[in-house]
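S.K.: Just the structure for this:
(chains A and B)
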There are 2 protein chains.
Amino acid sequence: MSSAKQGGPVRPSTSVWRPLGADEVKVTGGLWRQKQRLNADAILVHCEEWMERIGWIANFDRAAAGTMGGDHSGIEFVDSEVYKLLEAMAWELGREHSGALANRFHALAERVAAAQEADGYLHTSFGRPGQPPRYSSLESGHELYCFGHLFQAAVARMRTGHDDILPQVACRLADHVYEQFGPGGRIGVCGHPEVEMALAELARATGEQRYLELAVLFIERRGTGTLGTHPFGQEYFQDDIPVGRAETMRGHAVRALYLASGALDVATETGDEGLCAAVREQWANAVARRTYITGGVGSHHQDEAFGEDFELPPDRAYAETCAGIASVMLSWRLLLATGEDKYADLIERTLLNNVLASPRADGRAFYYANTLHQRVPGLVPSEHQLSHRAESGLRAPWFEVSCCPTNVARTLASVGLYFATASDDGIQLHQYGDYQVATALPAGGVTLHVSGEYPDGGTVEVTVIEAPAEEITLRLRVPAWAVGTAVVTETPTTRAPGHIEIRRVFRAGDSLRVTFPAEARVVYPDPRIDATRGTFAVEQGPLVLVLESVDLPAGWSVNEITAEPDSIITNDAGATIEVHRHLVAPAPWPYSPRPAGQEAERARARLIPYHRWANRGPATMRTWIPLTSRAAPAGQMAGH
Amino acid sequence: MSSAKQGGPVRPSTSVWRPLGADEVKVTGGLWRQKQRLNADAILVHCEEWMERIGWIANFDRAAAGTMGGDHSGIEFVDSEVYKLLEAMAWELGREHSGALANRFHALAERVAAAQEADGYLHTSFGRPGQPPRYSSLESGHELYCFGHLFQAAVARMRTGHDDILPQVACRLADHVYEQFGPGGRIGVCGHPEVEMALAELARATGEQRYLELAVLFIERRGTGTLGTHPFGQEYFQDDIPVGRAETMRGHAVRALYLASGALDVATETGDEGLCAAVREQWANAVARRTYITGGVGSHHQDEAFGEDFELPPDRAYAETCAGIASVMLSWRLLLATGEDKYADLIERTLLNNVLASPRADGRAFYYANTLHQRVPGLVPSEHQLSHRAESGLRAPWFEVSCCPTNVARTLASVGLYFATASDDGIQLHQYGDYQVATALPAGGVTLHVSGEYPDGGTVEVTVIEAPAEEITLRLRVPAWAVGTAVVTETPTTRAPGHIEIRRVFRAGDSLRVTFPAEARVVYPDPRIDATRGTFAVEQGPLVLVLESVDLPAGWSVNEITAEPDSIITNDAGATIEVHRHLVAPAPWPYSPRPAGQEAERARARLIPYHRWANRGPATMRTWIPLTSRAAPAGQMAGH
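M.R.: Numbering: from 1, shown residues only, chains lettered A, B, ... in the order given. Next up is the predicted model:
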């Protein structure tokens, strides 16, 4: 298993770019270092304390002791939260060893292991007297989904250099699943995809090909109608058509993206180019028509689903944190598989906007859904009670379905592993920030330090600490918004729309700097997004900026303002915009032959990064700002 | 009980206008006659056959036989559908007697009665071995909700001149509820309001004041926290604050409107002017800020809730049929209580657009949710399977929660009773169509015939068939859209914004005609409704018109078109508009610094009444049409 200690969460047997491991990339400063510290110091503790307090961890103790009956704590898939916490701890230990955290990790892993049954099965919600039988509800039971999260935790443990109890438990469980669902076994799939990519990765980490074989079977069976009827329709869990035949992402967003990730893993390992192309097309169509500007996906609250093309109301955005994370997982696989920069672009957008918006500044509360327009100041949720997943206006400490906090935790702990890759030829820098890359190329060892103001400023500096004596290629992504405007301190060997490459012999002490435009800039929506017609958004670097009411004059709401793009001013303190407040005359009915215009008041307001909003108390917020020039009464327009 | 045969579904002990009974108003022709025939010939049969086939009626037989256990058919509140069907049948029998229907009614009422227990309790889902105990889940059990629908069916029976088995069953049940929840009993309310208005009406119909006392208690208790926690928050079932303290409609739309109806009934009977004023204010604020142009309410699918002020996305409109019906029930109470025309305006809008959109032209399928923008052609639901309530793109024959079809049935059967009222002074005509009014005024008997092309044309004719020898006042509502443009064939005694009054001695054979403008007209939304910015809608008379893709050139979708209001042409065949089709160049990301414009193709398309859409197969549809003049690329606007 020594070869396991390579690569992060994903390590395809073949790829254009080679992923780096926890010993090869270290985040050293800046925004991401701050968020990784927040994760280590606050989020991991928060998750563990909550799950201890409400009995989700004790479910394993009771299962082990044989005292679990019909009184399981929490909904039936809370095992998965414990596994995601274990995965987060494993990556965190790989990032920066801590004896205290190692002890907590081991204790938790032992409690999980103790609940494993003799035949390898491990789930606290099924199979005991007073509980539903094993595999009695593949549609909604989430058994295999939970197993998948355990496998991913085990892979994290292996990839950070440990072959201990968690990998052993995972393999025994995977062997059991193979026996149950493998060739000659049950013809079924899990209502919530997840186990597919987890099995593929467990196969990659252990070399056990039966696990891959099982992943292939689960992908092949999906869409063949093995699942019972779902009230939201079979596309809810993607059992309507085989994944290779779908043209876009559809149904429940997290399920769709986890499934596509698993399908791509299977396609990569089996060389199924048709399946790989199908996933690429689904990604492209969903990105072009079903994605919010924050990278968030899903406009349906009821079924947590993507919604139709261009059905993207900001005020009803669901944009679940887990869906954003799932999108990053898929984009990362596609980036490794194809080498195309657009996947890194979406990873950046989604991480810095959708995903980072979830944790509160203190790491002790989270958004499950990430709206793009908050119409009324949110209620402050209780710090001591479970919240419903998406109805609160402010971040909540824990949820009845609490998939997002632990998903944020594992993502933050491993986020640096998405920053850079290697090839036989050199190093590729996909994300910017403050971090160090150190890996071995065929030509020799290379160590680079990446730094700069990014994402809050536009400068990226790369310093060579160690390099081979031969030529290597250093490739830096140029984000789509900076194409044509990025300035480099030396002439690139290659300049393509999505990247620059510098091929030469590098020496220790060499440095180069890339400057991206730092000005806030205006973005207009596709006219087919009905809900944002006549508005614009503001971006600065990779960040989506928003207006929050705490930055408006007292008593103003974001619901009554308009602005013009040419009033945006960017300086060292950030971006501001002149907003116009229109007070609409009270009317008994909101539809009229000639809407009354009214003189507007003016004020200059700060624009803040979307991911920082709602950290200063209840407030209204909007991402899409109505154009003042189009807010004139229609009845007064030229020609009418 | 002879006095019971007066008034329709609502008969306050005191009101500005006196409601008329089934023997006083008869719909004789036109659109409403056609819909009442559809109801009698198709909808009632359809509802009965479905509930027979899937065992919802047989639940009563099994309850009576003592063979009901944990195997109850359907969700726990399907009793209410049987009661709404009974109410519909009762009103239909009052409208036009049919021996066959009377037999079906009696047979069904007997089956219900047989299930009543010795102490008066009557519910097929609670209290038997294998079932939850009685009143064990006031939050979600809907027991009192079901009772309320039984009471309303009994009132319909009494108001149509019968004191037979259904009123007797209802009174026994109401006596039981009084004993359980009355003074000294359980301090509880039902999670779904409905029993409040039903008890008030049962008190009015029977004279039994304990029923009113109970209604008062249920209204007073609501909002005091007697219900357990709801995942969507306590406002979901309006238990957050007392109804008299709320400023607008909030939470689950049907619950909010049924509760407000009950509150108004209680306020009327107890003379609570503060409560009455609070309900009027809630109505006004909800109409001004939380109502779709169709009169539909509710923009949340997940919790079937009103949503925030101006949160009215057309493509995610829920606008549940039952919420529209509940809105009519509340507006009717407010019209009787205050005499104000605006309530009749909203009744007209809601009935003709939101409610009438529900039944398919053949009466054998229904919309539960009534979207204002269908982005993709809807799936054709199975004619033989239960549908989920709101996920189908086309009308479905029956639903797991099937509240809407039977609610449509009882509304159509009694719709004429909302058309006109009387006072000591004369007659008020609130709605138009073809119908006859015959009632006794203090001055003597009066019989009027109302006819005309309304709602498809603008002419209303009133012919006097019988009138007293003294002066009386004939009051005709002038819809808000016709204020200042209505033409009357004689000079009114009074002309106010919402009505005209003619006071004189009328003679048999006299007639007068009111002509409202027949041209299609343009309506603009309040700018705070973000989802409709830069669009307009078209109305003609009381009807909202829409574009349906079957009226566009082959291959065009409503999603890609714009238009200008000045291109609307109205002629005898209806209204048409010139639409411009814009094909947006494919782009990998839907947000860009400068959206590309493109030359548009043009075509002339028909506009059809909203309520008729989706009767010609799967299609896309939109109510709000983007303005061509505002669809120009923002980057090409003056000043940029």
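S.K.: which bits of the stretch 301-450 of chain A sit near chain B?
M.R.: A:301-303, A:308-311, A:313-316, A:342, A:373, A:375-376, A:388, A:390-391, A:400 (Cβ under 8 Å from any Cβ of the partner chain). Backbone N, C-alpha and C define where each C-beta goes, glycine included.
S.K.: ok, which stretches of chain A are helices?
M.R.: Here chain A has its helices, by DSSP state H, at A:30-38, A:44-53, A:58-65, A:79-95, A:99-114, A:143-159, A:165-181, A:195-206, A:209-221, A:253-270, A:273-289, A:321-338, A:341-349, A:403-414.
S.K.: Now tabulate those in JSON lines and tack on mean neighbour count and mean pLDDT.
M.R.: Shown next, in JSON lines, are the helices of chain A (neighbours: other Cβ atoms under 10 Å in any protein chain shown; pLDDT from 0 to 100):
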{"stretch": "helix A:30-38", "mean neighbour count": "18", "mean pLDDT": "98"}
{"stretch": "helix A:44-53", "mean neighbour count": "19", "mean pLDDT": "98"}
{"stretch": "helix A:58-65", "mean neighbour count": "19", "mean pLDDT": "98"}
{"stretch": "helix A:79-95", "mean neighbour count": "26", "mean pLDDT": "98"}
{"stretch": "helix A:99-114", "mean neighbour count": "16", "mean pLDDT": "98"}
{"stretch": "helix A:143-159", "mean neighbour count": "28", "mean pLDDT": "98"}
{"stretch": "helix A:165-181", "mean neighbour count": "21", "mean pLDDT": "98"}
{"stretch": "helix A:195-206", "mean neighbour count": "28", "mean pLDDT": "98"}
{"stretch": "helix A:209-221", "mean neighbour count": "21", "mean pLDDT": "98"}
{"stretch": "helix A:253-270", "mean neighbour count": "27", "mean pLDDT": "98"}
{"stretch": "helix A:273-289", "mean neighbour count": "19", "mean pLDDT": "98"}
{"stretch": "helix A:321-338", "mean neighbour count": "26", "mean pLDDT": "98"}
{"stretch": "helix A:341-349", "mean neighbour count": "25", "mean pLDDT": "98"}
{"stretch": "helix A:403-414", "mean neighbour count": "27", "mean pLDDT": "97"}
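S.K.: Redo those helices as TSV? Include distance to residue B:215.
M.R.: Output for these, formatted as TSV (distance: least, Cβ to Cβ, whole Å):
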stretch	distance to residue B:215
helix A:30-38	54
helix A:44-53	43
helix A:58-65	46
helix A:79-95	46
helix A:99-114	55
helix A:143-159	48
helix A:165-181	57
helix A:195-206	54
helix A:209-221	56
helix A:253-270	45
helix A:273-289	51
helix A:321-338	45
helix A:341-349	55
helix A:403-414	44
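S.K.: Of all those helices, which one is nearest residue B:452?
M.R.: helix A:273-289 (47.2 Å; Cβ to Cβ).
S.K.: Next, the angle helix A:341-349 makes with the closest one.
M.R.: 50 degrees (axes from the mean of the first three to the mean of the last three Cα atoms, to 10 degrees).
S.K.: other SSEs contacting helix A:273-289?
M.R.: Here helix A:273-289 touches helix A:253-270, helix A:321-338, going by 3 or more Cβ pairs under 8 Å, 6 or more residues apart in numbering or on different chains; DSSP states H and E.
S.K.: I'd like the distance between residue A:570 and residue B:324.
M.R.: Distance of residue A:570 to residue B:324, given as Cβ to Cβ, to the nearest Å: 49 Å.
S.K.: still on that earlier bit, quick one, which of the helices of chain A is nearest to residue B:579?
M.R.: Closest among the helices of chain A, using Cβ to Cβ: helix A:273-289, at 21.9 Å.
S.K.: got the contact list for the closest one?
M.R.: A:219, A:243-249, A:260, A:263-264, A:266-268, A:297, A:306, A:309-310, A:330-331, A:334, A:337-338, A:343, A:346, B:586-590 (Cβ atoms under 8 Å, 6 or more residues apart in numbering or on different chains).
S.K.: The residue in the stretch 1-150 of chain A that chain B sits nearest to: what's it in contact with?
M.R.: Going by Cβ to the nearest Cβ, chain B is nearest to residue A:75 of the stretch 1-150 of chain A, at 11.7 Å. Counting by Cβ under 8 Å, 6+ apart, residue A:75 makes contact with A:400, A:401.
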